[in-house]
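[1] got a predicted structure plus its sequence, pasted below:
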Protein chains: 2
Amino acid sequence: MTNARATRRTGLPGRPGYDLDSLLAVAVKVFNEKGYDGTSMDALARGLGITKSSIYHHVSGKAELLELALARALNALFAVTTEERAVTGPHIDRLEYLVRRSVEILCAELPYVTLLLRVRGNTPAERRALARRREFDDFVSGLVVEAAAEGDLRPGIDPALTARLVFGTVNSLIEWYRPRAGGSSTALADAVVALVFDGLRRA
Amino acid sequence: MTNARATRRTGLPGRPGYDLDSLLAVAVKVFNEKGYDGTSMDALARGLGITKSSIYHHVSGKAELLELALARALNALFAVTTEERAVTGPHIDRLEYLVRRSVEILCAELPYVTLLLRVRGNTPAERRALARRREFDDFVSGLVVEAAAEGDLRPGIDPALTARLVFGTVNSLIEWYRPRAGGSSTALADAVVALVFDGLRRA
């Protein structure tokens, strides 16, 4: 069984084995299905249809795969925080831009963001990821504080709670969103932005 | 170790052992920490500091504990759908009431709702719970449809997507909400309702 799968996978034309990216993609899938703690290098090798030594050719072990996968999600999210529309203009617009781009990144990098959001801090790599998530949350809270100071938010809004609720809405997408071929995340981002900024109720 | 814990727990005055409710509370805690699939009856007995046969005195096994725990969360949520304010008046107000009460129930029954929201459908009890969750979601979508028909929602809102996003916001609370002694969930419910119905942006 393992051999048959190895042959099938490694036998594709122009695909003599896994490169690091495709190795990572499969590893993240297995982590999301079984949990990181519950995934052994043996299970990973089986899931990939290759030997453990083929994995060690790319990484030092499953901890490095986790680190790389979490970094991919975090780097994508942090990249937004320095994009022009996230650092110029009224803070409510920066916040809106950040929410929109976060939805898009969640959709584009779904398995990686899913893994990131399920991290519980059991290993050093996970604790570093949680620390970076807090840094991202602080950036969001900062935008909410500034938007309130500029008079653009409804009064009585608690910035930290608001940041949590808004990103709770965004992050909840991992529970049901599944990308479709040729689909776009724009309509979904529009719906999230409309709900968060304008609410459901007709003014 | 196990004996010492058993003695400590069963030796409390007026608490000669576990009744079904306290057994369930500990079982749900273990399920949430280790996952239902990853929890054996042995691990449950260790967590409770009692023998497996003491557990079998109350239930037929861990599947029954899961069923009871999921029913507790589901029954609390479904009870709201027949409360007066959920079945009378404009549908936007019914929806608001349902959102508010769902936050309160999530806070009051946090471990049970957490377990419910993590169910993936690996066993018959889990699949029944998922079916009842879909029934609850349909009730919510129905309120959104009616509220739109009554002209109380902003135009262009997709009912099923809206129901998902709104309950995504509510359900995301399990990721960070932790009850405090003497605390109330009213302020949190207020914040969720304000965000969902009126949005962040000053009108």
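    Ah, there it is. Predicted model only: the values in this text are computed from it and were never measured. Residues are numbered from 1 along each chain as shown, chains lettered A, B, ... in the order given.
[2] which parts of chain A sit against chain B?
    With C-beta under 8 Å from any C-beta of the partner chain as the criterion, chain A comes near chain B at residues A:35, A:38, A:92, A:95, A:144, A:147, A:151-158, A:161-162, A:164-169, A:171-173, A:175-176, A:188, A:191-192, A:194-203. The C-beta positions use only the backbone N, C-alpha and C, and glycine is treated the same way.
[3] list the contacts of stretch A:53-73.
    A:17-18, A:20, A:23-24, A:27-28, A:31, A:36, A:39-41, A:44-45, A:48, A:105, A:109, A:112-113, A:115-116, A:119, A:123, A:125-126, A:128-129 (C-beta atoms under 8 Å, 6 or more residues apart in numbering or on different chains).
[4] quickly note the distance from the residue nearest the centre of chain A to residue B:168.
    Residue closest to the average C-alpha location in chain A (C-alpha atoms, centre = their mean): residue A:113, at 1.8 Å. From residue A:113 across to residue B:168, the span is 14 Å (C-beta to C-beta, to the nearest Å).
[5] residue A:163 too?
    From residue A:163 over to residue B:168 (counting by C-beta to C-beta), the distance is 16 Å.
[6] what ranges of chain A fall below the confidence cut-off?
    For chain A, the stretches with pLDDT under 70 are A:1-16.
[7] where exactly do the helices run in it?
    Here chain A has its helices, by DSSP state H, at A:2-10, A:20-34, A:41-48, A:52-56, A:62-80, A:84-87, A:91-108, A:110-118, A:124-149, A:159-171, A:186-198.
[8] any buried residues in the last one, and which?
    Okay, so that is helix A:186-198. For helix A:186-198, burial by neighbour count (16 or more other C-beta atoms under 10 Å in any protein chain shown) applies to A:188-189, A:191-198.
[9] quick one: it to chain centroid distance?
    Mean-position distance between helix A:186-198 and its chain equals 19 Å (C-alpha atoms, centre = their mean, to the nearest Å).
[10] what's the angle from that helix to helix A:159-171?
    Put simply, helix A:186-198 runs at 160 degrees to helix A:159-171, going by axes from the mean of the first three to the mean of the last three C-alpha atoms, to 10 degrees.
[11] repeat for the second one
    Using the same axes, to 10 degrees, the inter-axis angle of helix A:20-34 relative to helix A:159-171 is 100 degrees.
[12] contacts for helix A:20-34, please.
    A:18, A:39, A:43-44, A:47-48, A:55, A:58-59, A:62, A:65-66, A:68-69, A:72, A:111-112, A:114-115, A:118.
[13] wait, what's in contact with residue A:45?
    A:51-52, A:54-55.
[14] again, 7 Å this time
    A:51-52, A:55 (C-beta atoms under 7 Å, 6 or more residues apart in numbering or on different chains).
[15] make CSV from those and add neighbour count and distance to residue A:87 to it.
    Listed next are the contacts of residue A:45 as CSV, based on neighbours: other C-beta atoms under 10 Å in any protein chain shown; distance: C-beta to C-beta, whole Å:
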residue, neighbour count, distance to residue A:87
A:51, 12, 47
A:52, 15, 45
A:55, 21, 40
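[16] for those, give me TSV that also has distance to residue B:77.
    Output for the contacts of residue A:45, formatted as TSV (distance: C-beta to C-beta, whole Å):
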residue	distance to residue B:77
A:51	49
A:52	46
A:55	44
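[17] quickly note the distance from residue A:137 to residue A:42.
    To residue A:42, residue A:137 is 36 Å away according to C-beta to C-beta.
[18] next one: residue A:146
    The gap separating residue A:146 from residue A:42 is 50 Å, by C-beta to C-beta.
[19] residue A:90 too?
    Distance, residue A:90 to residue A:42, by C-beta to C-beta: 54 Å.
[20] for residue A:160, same thing?
    From residue A:160 across to residue A:42, the span is 43 Å (C-beta to C-beta).
[21] the two: who's more crowded?
    residue A:160 (13 against 9; other C-beta atoms under 10 Å in any protein chain shown).
[22] skip the chain neighbours and tell me the closest residue to that one.
    Closest residue to residue A:160 apart from its sequence neighbours, by C-beta to C-beta, 6 or more residues apart in numbering or on different chains: residue A:141 at 5.2 Å.
[23] kindly report the same for residue A:191.
    Spatial nearest neighbour of residue A:191, chain neighbours left out: residue B:161 (5.5 Å); criterion: C-beta to C-beta, 6+ apart.
[24] what is the neighbour count of that neighbour?
    Residue B:161 has 17 nearby residues by other C-beta under 10 Å.
[25] and residue A:100, by the same measure?
    For residue A:100, the neighbour count with other C-beta under 10 Å is 21.
[26] I figured it hits residue A:191, correct?
    No: judged on C-beta atoms under 7 Å, residue A:100 makes no contact with residue A:191 at a distance of 10.7 Å.
[27] and the residues of chain A next to chain B, which of them are buried?
    Members of the residues of chain A next to chain B classed as buried by 16+ other C-beta under 10 Å are A:35, A:92, A:95, A:144, A:147, A:152-154, A:157, A:161-162, A:164-169, A:171-173, A:188, A:191-192, A:194-201.
[28] number of nearby residues for the nearest residue to residue A:125 once chain neighbours are set aside?
    Among residues not flanking residue A:125 along the chain, residue A:67 sits closest, at 4.5 Å (C-beta to C-beta, 6+ apart). For residue A:67, the count of nearby residues is 18 (other C-beta under 10 Å).
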